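> mind folding the following:
(chains A and B, ligands or ions: 1)
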Amino acid sequence: MMDNHTLTLVVADAALIAPGLRRVHLRAADGARLPPAAPGAHITLSLPGADGARPLRNSYTLVSADPEHGYELIVRRADRSRGGSRHIHEALAPGDVIDATVPHNLFALHSQAKKHLLIGGGIGITPLLAFVARLRETGAPFELHQIASADEIGVFAALLAPRAGEQVHIHGGRTSLDLPALLAAQPLGTHVYTCGPAGLMDHVEAAAAGLGWPSSHVHREDFGAAGGEPFVLRLAASDIEIAVAGDQTMLEAIEAAGIDTPSLCRGGACGVCILPVRQGEPEHRDHFLSEAERAQGCHVMPCVSRSRSALLVLDI
Amino acid sequence: MATRFKPDETFRDDFRYGNSETAILRFPFPFGEDAYMYGVNMEPHTRPGSAGVFAVGFDVDEHYVAECAERAKVLALEPGRCLVLPHMREAEWDTLELIMESLAADYPDQFTLERDGLDWTWTNRPLGIHHTFRFGDATTLPHPPFEYIVRQAQGDFTLQDQRDGTLYIDGGVATVPADWSLAFDVGMTFHEWHGPVPLAHQAGVFDRALQYLMRVRYGHPARRLNWTMTINPRLDTSPENYPLWGPDRASLTAETIGDRLFLRVELQSFFRLPRSNALLFGIRTYLASLNELTRVPKWGRRLHRVMRDLHPDIAEYKGLTRYRELLVAYLAQFDDGAPTAPGITPDCAALSD
Ligand code: FES
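Numbering: from 1, shown residues only, chains lettered A, B, ... in the order given. Got it, this is the predicted structure:
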């Protein structure tokens, strides 16, 4: 079980819980246990693209995760969906099989927080539902403020109903919550967690910074930068062109083309995989190259880095 | 091939310990080239195609039963060698689940885990344990969950809480430490507990290692090898017990060094824990004497070159200075000057005598 990189899941249930919001229950297709996950974790689903296009990889926070009972997601239908959320809303049915990554957590509760302040906007409520369940269990002090558009207050009130209490507040529209005042009223040692539209999360970060909160006390939802846009790699010396897919690393693409190239950590730390760049603009994601080396643009670490230009030419 | 355990081995007093030919050939020799310097030498663990001690999450070898007995002995004398801060409770259960799942999957003849909801039954045949307990309820186990499972595993372990952009060592067990103390390190950040290591800070090794470790994902464990040397097959070289083992360094002679000086290799493994988001470090110690290792001609040659050319600061940090000259002189007989192939594998099917 330990290095299963992909889970094969089956849709156990998919129900519309409000206009534009669908709750999806997933289980292991083979009936086995699923990996447990901490509140704040997400999985990345491989969904069919529109009209037979390449599959889309969309990340969704786990509202709940139980090894035996499966994973629960709530998916909002995006107005300008590339097809991912549209597929979930229009086509997904019980019995469908979906590939997913194992859960990954970049939005974890802080073990030393004196109090947890949760601020959600719209569908950004999903990790907060998992947080509240956990915080109720442990008895840690917390406060939840959920912002909803006026016509959706009832929807979020219903979602929060099983977890209602005096710590849970719903606000109609962003202007009805005075963020600086809310933050200023918190006891020392409070951590704030925010999830929702980027504008809201930026606002929370700025308000906290304005009040002198240490940045280590401010957390926002993050799915990480796994993958990215596809690009083409040309190996000048061997005169080969390789397509690097969005969910593939440059190193994986080179290896898949049958070319042997050294690597060790495969995480941007050791420096072993370094390759010379002849042309194009690398998007550096490693921890090995210095700022100066990056600025020169002469080298790239293919195990984690990608390309900003559609074509990257390497001197190998 | 079924492992034959050697329950009568000891790691103190009379030091009854040795490696079978199989154990020598699978020894995680830490030098991939003829020179040694610190670097970020982490890599994915248990990748498909890995062999020997790298193939499974938690290697169980012929010393398993004896090492578990040694751990019980140390914990009976000094219960404080196992210590977990209260906010790591969930990480304790994560560790128990990870080790039980791995052992049961990798050694189905020796270990079995049956789960019915939260009612779990664990069978450990080598240690004669058969236990039904409730997952998440510590009162159903004879020890706290972390201690319960590490008493059934080889090597030390530490639990890291990830917060504030670093890792805090907030728990662990250290009955097999290479001169470090859990009681001293607990609560420290990653950079604090690596403070004493020379040369590596300047090279930015710890900064890069920390960035890498904080990104280790569930289901994608990583590992690295580290090494030092120990006189006698003594697993417990804790700073608290320095008076017991420190003086050994002065006792080596040209006649005894081959049998009494051991290369001590730590297979360090790093696992993301799913419920707690904590990071588990496994620090698994392998011991082999010079005479055992030099039965692999490549390793004999290479060991001589590495020890001869080792940076004096590293030799000092690893406690080798006192006997280094003796060591290099002894190893010279195994080095005929022939080239060595890159990589750590023994490159021989059978051992020389
Ligand atoms: S393999 Fe280590 S930096 Fe790429």
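
> pLDDT weak spots in chain A?
Filtered on pLDDT under 70, chain A yields the residue ranges A:1-4, A:50-53, A:80-82, A:224-226.

> so which bits of it are right by chain B?
A:1-5, A:33, A:35-38, A:40-41, A:68, A:102-105, A:108, A:110-112, A:216, A:264-271, A:287-288 (Cβ under 8 Å from any Cβ of the partner chain). Quick note: C-beta positions are derived from backbone N, CA and C, even for glycine.

> any quick ChimeraX command for the buried ones out of these?
The ChimeraX command for the buried members of the residues of chain A next to chain B (criterion: 16 or more other Cβ atoms under 10 Å in any protein chain shown) is given here:
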select /A:2,35,36,37,38,40,41,102,103,104,105,108,110,111,264,265,266,267,268,269,270,271,287,288
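
> burial count for the closest residue to residue B:56 other than its chain neighbours?
Of all residues beyond its chain neighbours, the one nearest residue B:56 is residue B:106 (4.2 Å), with distances taken as Cβ to Cβ, 6 or more residues apart in numbering or on different chains. Using other Cβ atoms under 10 Å in any protein chain shown, residue B:106 is surrounded by 17 other residues.

> correct me if wrong: residue B:106 contacts residue B:58.
Yes: with contacts defined as Cβ atoms under 8 Å, residue B:106 counts as touching residue B:58 at a distance of 7.5 Å.

> quick one: pLDDT of the closest residue to residue B:233 other than its chain neighbours?
Beyond its immediate neighbours in the sequence, the residue positioned closest to residue B:233 (Cβ to Cβ, 6+ apart) is residue B:17, lying 3.8 Å away. At residue B:17, the pLDDT value in this model is 97.

> returning to that earlier point: run through the residues of chain A next to chain B and flag the ones next to the ligand.
The subset of those within reach of the ligand, counting by Cβ under 6 Å from any ligand atom, consists of A:264, A:265, A:266, A:268, A:269, A:270, A:271, A:288.

> mind putting the residues you listed into TSV with secondary structure?
Converted to TSV, these look like this (DSSP: H, G, I helix; E, B strand; the rest coil):
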residue	secondary structure
A:264	coil
A:265	coil
A:266	coil
A:268	coil
A:269	coil
A:270	coil
A:271	coil
A:288	coil
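
> I'd like the residues you listed as JSON lines, with distance to residue A:182 appended.
Converted to JSON lines, these look like this (distance: Cβ to Cβ, whole Å):
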{"residue": "A:264", "distance to residue A:182": "47"}
{"residue": "A:265", "distance to residue A:182": "42"}
{"residue": "A:266", "distance to residue A:182": "43"}
{"residue": "A:268", "distance to residue A:182": "38"}
{"residue": "A:269", "distance to residue A:182": "39"}
{"residue": "A:270", "distance to residue A:182": "44"}
{"residue": "A:271", "distance to residue A:182": "46"}
{"residue": "A:288", "distance to residue A:182": "41"}
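
> let me see the backbone angles for residue A:55.
Note on residue A:55: its backbone torsions stand at phi -60, psi 150 [degrees, to the nearest 10].

> skip the chain neighbours and tell me the closest residue to it.
For residue A:55, the nearest residue in space outside its immediate sequence neighbours is residue A:46; the separation is 4.9 Å by Cβ to Cβ, 6+ apart.

> could you verify that that neighbour is part of a strand?
Yes: counting by three-state DSSP, residue A:46 is part of a strand.

> ok, now which ones touch the closest residue in space to residue A:94 that isn't next to it in sequence?
Once its chain neighbours are removed from consideration, residue A:94 has its nearest residue in residue A:11; the separation is 5.2 Å (Cβ to Cβ, 6+ apart). Remark: with contacts taken as Cβ atoms under 8 Å, 6 or more residues apart in numbering or on different chains, residue A:11 is in contact with A:24, A:25, A:26, A:92, A:93, A:94, A:95, A:96, A:97, A:98.

> ok, now how distant is residue A:11 from residue A:84?
Between residue A:11 and residue A:84 the computed distance is 15 Å (Cβ to Cβ, to the nearest Å).

> cool, residue B:91 as well?
As for residue B:91, its distance to residue A:84 is 34 Å (criterion: Cβ to Cβ).

> I'd assumed residue B:42 was in contact with residue A:271.
No: assessed by Cβ under 8 Å, residue A:271 is found out of contact with residue B:42, at 11.5 Å.

> for the residue of the stretch 101-250 of chain A found nearest the ligand, which residues are in contact?
Ranked by Cβ to the nearest ligand atom, the top residue of the stretch 101-250 of chain A for proximity to the ligand is residue A:249, at 9.1 Å. In this structure, residue A:249 makes contact with A:266, A:302, A:303, A:304, A:306, judged by Cβ under 8 Å, 6+ apart.

> okay, it and residue A:228: tell me how far apart.
Distance from residue A:249 to residue A:228, counting by Cβ to Cβ: 10 Å.

> same deal with residue B:120?
In this structure, residue B:120 and residue A:228 are 41 Å apart, going by Cβ to Cβ.

> same deal with residue A:131?
The gap separating residue A:131 from residue A:228 is 28 Å, by Cβ to Cβ.

> and what of residue B:131?
Looking at residue B:131 against residue A:228, where the rule is Cβ to Cβ, the gap reads 48 Å.

> the chain: helices as residue ranges?
You didn't pick a chain, so chain A it is. Counting by DSSP state H, one finds helices in chain A at the ranges A:84-90, A:125-138, A:153-160, A:179-184, A:198-210, A:250-256, A:291-296.

> nope, chain B
When assigned using DSSP H, the helices of chain B occupy the ranges B:21-25, B:64-77, B:89-106, B:145-150, B:182-185, B:190-193, B:205-214, B:242-245, B:257-260, B:290-293, B:297-309, B:312-317, B:324-331.

> count residues in the vicinity of the residue nearest to residue B:233, would you?
21.

> so it sits against residue B:8, correct?
No: with contact defined as Cβ under 8 Å, residue B:17 and residue B:8 do not form a contacting pair (9.8 Å).

> shared neighbours, the two?
Shared contacts of residue B:17 and residue B:8, counting by Cβ under 8 Å, 6+ apart, come down to residue B:66.

> what sits against the residue of chain A most remote from its centre?
When distances are taken from the C-alpha mean of chain A, residue A:237 lies farthest, 37.6 Å away, according to Cα atoms, centre = their mean. Residue A:237 makes contact with A:315, A:316 under the criterion Cβ under 8 Å, 6+ apart.

> and it, how close does it get to residue A:278?
Counting by Cβ to Cβ, the gap from residue A:237 to residue A:278 is 9 Å.

> up against chain A, what does the stretch 101-250 of chain B have?
Applying Cβ under 8 Å from any Cβ, one finds that the stretch 101-250 of chain B approaches chain A through B:101-102, B:105, B:115, B:117, B:161-165, B:170, B:207-209, B:211-212, B:215-222.

> only the buried subset of these, as a PyMOL command please.
The following PyMOL selection, which keeps only the buried ones among these, applies the criterion 16+ other Cβ under 10 Å:
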select buried, chain B and resi 101+102+115+161+162+163+170+208+209+211+212+215+216+217+218+219+220+221+222
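
> need the nearest residue in space to residue 103, chain neighbours excluded.
Here I'm looking at chain A. When the adjacent residues along the chain are set aside, residue A:103 lies closest to residue A:37, with 3.6 Å between them (Cβ to Cβ, 6+ apart).

> meant chain B, my bad for not saying
Going by Cβ to Cβ, 6+ apart, residue B:103 has residue B:111 as its nearest residue, at 4.1 Å.

> residue A:172 too?
The shortest distance from residue A:172 to any residue other than its chain neighbours is 4.7 Å, reached at residue A:150 (Cβ to Cβ, 6+ apart).

> now residue B:350
Sequence neighbours aside, residue B:21 is the residue nearest to residue B:350 in space, at 7.6 Å (criterion: Cβ to Cβ, 6+ apart).
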